[in-house]
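Trainee: no sequence for this one, just the structure:
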């Protein structure tokens, strides 16, 4: 379920319903550390702090666990007696807090490290100050589970998505929802929200398959000019197909601005950022597709330097 890339090292952390948090090394492509959460806990969200010193873990019970990354790496894979003793020592360095009574869906630290936002299945966003991890505000308004969170670059605003296809904006110091016009010129530190102006083109291209692209490219005179019957037949096939749910997106951190999206069909698609909709012509939106997953892609993220 959860995944987060380290802000400094070429590491990323993942969590799943098996109750394990795993840390992976991108260069060696191997698991370098593993922490088990007892009592059938399910890890649903993970997030590194901006300095990479702490790792926040959200469980299906509504509990939030803050781990020291150095201690987690000391645990290793847990395959030796030494690793077991290290795991016991690491457990003493955990900080836990009950955030809500439902499962935690998403976690995000602000760029300045002062705030931590936790999106829960109860439709609320819980805003905590990281100095003590005490609750500061509860942001209410979503009608379903809060799925994605993004802070502004100056750490003063927050944008959120939910399973009800909602996009809300919040002023953190006041703890209030604000209209979209108030964030028109805001620069966002991350782009993980699947609903919003910069990702409209991703949704428009979802019905397009590799087969349709091949059919379109096989026709030299293919265009969407009026009267082109071949183009009309291709477009009718597109609009009649179901749109696959986009579950996750992530914007590159360096290099040419790009954004990647993962969907219910196991596809990863790479687009230019921002990816805007094209009126009447979804084929005008270029992308590269990568496949291999047998089921839903639930999380995507670029590495610290966009190398991975």
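Mentor: That came in fine, so what should we check first? These numbers come from a predicted model, not from an experiment. Residues are numbered from 1 along each chain as shown.
Trainee: chain neighbours aside, what residue packs nearest to residue 288?
Mentor: residue 270 (4.5 Å; CB to CB, 6 or more residues apart in numbering). The way it works is simple: take the backbone N, C-alpha and C, and place the C-beta from them, glycine included.
Trainee: ok, now residue 120?
Mentor: Of all residues not flanking residue 120 in the chain, residue 100 sits nearest, at 4.4 Å (CB to CB, 6+ apart).
Trainee: the one you found touches residue 119, doesn't it?
Mentor: No. Counting by CB atoms under 8 Å, residue 100 stays clear of residue 119, with 9.8 Å between them.
Trainee: these two: which has the busier surroundings?
Mentor: residue 119 (29 against 21; other CB atoms under 10 Å).
Trainee: quick check: phi and psi at the residue nearest to residue 120.
Mentor: phi -150, psi -180 (degrees, to the nearest 10).
Trainee: need the contact list for it.
Mentor: Residues in contact with residue 100 (CB atoms under 8 Å, 6 or more residues apart in numbering) are 62, 118, 120-122, 124, 126.
Trainee: how about 10 Å then?
Mentor: Residues near residue 100 by CB atoms under 10 Å, 6 or more residues apart in numbering: 58, 61-64, 118-124, 126, 135, 138.
Trainee: could you point out which element follows the helix or strand bottoming out on mean pLDDT in the chain?
Mentor: Sorting the helices and strands of the chain by mean pLDDT, DSSP states H and E puts helix 81-91 at the bottom, at a mean of 54. On the C-terminal side of helix 81-91, the nearest following helix or strand under DSSP states H and E is strand 95-98.
Trainee: burial of the closest residue to residue 266 other than its chain neighbours, as a residue count?
Mentor: The spatially closest residue to residue 266, leaving aside those adjacent along the chain, is residue 293, at 3.4 Å (CB to CB, 6+ apart). Neighbours of residue 293 under the rule other CB under 10 Å: 14.
Trainee: do the same with the one 4 residues further on
Mentor: Using other CB under 10 Å, residue 297 has 21 other residues around it.
Trainee: ok, it to residue 290 distance?
Mentor: 10 Å (CB to CB, to the nearest Å).
Trainee: next, count neighbours for residue 274.
Mentor: Neighbour count of residue 274, defined by other CB under 10 Å: 16.
Trainee: same deal with residue 102?
Mentor: Neighbours of residue 102 using other CB under 10 Å come to 15.
Trainee: OK, contacts around it?
Mentor: 60-62, 120-124, 145.
Trainee: ok, residue 158 to residue 175 distance?
Mentor: From residue 158 over to residue 175 (counting by CB to CB), the distance is 10 Å.
Trainee: what residues do residue 297 and residue 290 have in common as contacts?
Mentor: If you check residue 297 and residue 290 against CB under 10 Å, 6+ apart, the residues they both contact are 260, 262, 266-269.
Trainee: farthest-separated two in those residues?
Mentor: 260 and 266 (13.7 Å; CB to CB).
Trainee: mind checking the pLDDT average for stretch 295-308?
Mentor: Averaged over stretch 295-308, pLDDT sits at 93.
Trainee: how long is it from one end to the other?
Mentor: With CA to CA, to the nearest Å as the measure, the ends of stretch 295-308 fall 21 Å from one another.
Trainee: what residues sit buried inside it?
Mentor: 297, 299-304 (16 or more other CB atoms under 10 Å).
Trainee: kindly report the same for stretch 12-30.
Mentor: By neighbour count with 16+ other CB under 10 Å, stretch 12-30 contains the buried residues 12-15, 19-24, 26.
Trainee: same question, stretch 117-134
Mentor: Buried residues in stretch 117-134 (16+ other CB under 10 Å): 117-128, 130, 133.
Trainee: nearest to residue 44 among these?
Mentor: residue 121 (8.7 Å).
Trainee: quick one: contacts for the closest one?
Mentor: For residue 121, counting by CB under 10 Å, 6+ apart, the contacting residues are 44, 60, 62, 100-105, 144-147, 163.
Trainee: pLDDT wise, what is it at?
Mentor: For residue 121, the pLDDT comes out at 96.
Trainee: got it, and residue 2?
Mentor: Model confidence at residue 2, expressed as pLDDT, equals 92.
Trainee: residues contacting it?
Mentor: Per CB under 10 Å, 6+ apart, neighbours of residue 2: 13-16, 21, 43-47, 56-58, 104-107, 298-299.
Trainee: one more: residue 140?
Mentor: So residue 140 contacts 122-125, 175, 177 (CB under 10 Å, 6+ apart).
Trainee: repeat the analysis, applying 6 Å as the threshold.
Mentor: The contact partners of residue 140, by CB atoms under 6 Å, 6 or more residues apart in numbering, come to residue 124.
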